[in-house]
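>>> What follows is a predicted protein model with its sequence.
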Amino acid sequence: MNLTAKCRSCGAAILWCQTTTGKKMPVDEKPVAGGNLTLDGECDCLVAVVVGPGKGTHVSHYATCPHAGLHRKVKGQGSLPGVG
Ligand SMILES: [Zn+2]
């Protein structure tokens, strides 16, 4: 399994990680000072562990993507009454 990928929205290099709850989450490939995640390698999958602001080495791509709104669709919006 290839863990590295590019964001479909902005083209940034990302890593597909699992959260400690088993969900998939894109994480910026580049380490940053003051991130809130650390990455744990387990076999062929990376686990992103939230350690708190400023204590980690990485950040979720959701936090840095200029098009994060495309990833997180807001419920209840996008459909107007009487349309569609
Ligand atoms: Zn992006």
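The structure has been received and is ready for your questions.
>>> wait, Leu37 sits on His61?
No. Counting by C-beta atoms under 8 Å, Leu37 stays clear of His61, with 10.6 Å between them. All C-beta spots, glycine's among them, are computed from the backbone N, C-alpha and C.
>>> mind listing the helices for the protein?
Applying DSSP state H to the chain gives helices spanning 61-64, 68-71.
>>> which one of these is the most hemmed in?
Mean neighbours per residue, mean count of other C-beta atoms under 10 Å, is largest over the helices of the chain for helix 61-64, with a mean of 17.
>>> Just the pLDDT for Val74.
On pLDDT, Val74 comes in at 53.
>>> ditto for the one 4 residues further on
At Gly78, the predicted lDDT confidence score is 49.
>>> how about the residue lying closest to Val49 once chain neighbours are set aside, what does it touch?
Counting by C-beta to C-beta, 6 or more residues apart in numbering, the nearest residue to Val49 once its immediate chain neighbours are dropped is Thr38, at 5.1 Å. Neighbouring residues of Thr38 by C-beta atoms under 8 Å, 6 or more residues apart in numbering: Ala48, Val49, Val51, Lys55, Gly56, Thr57, His58.
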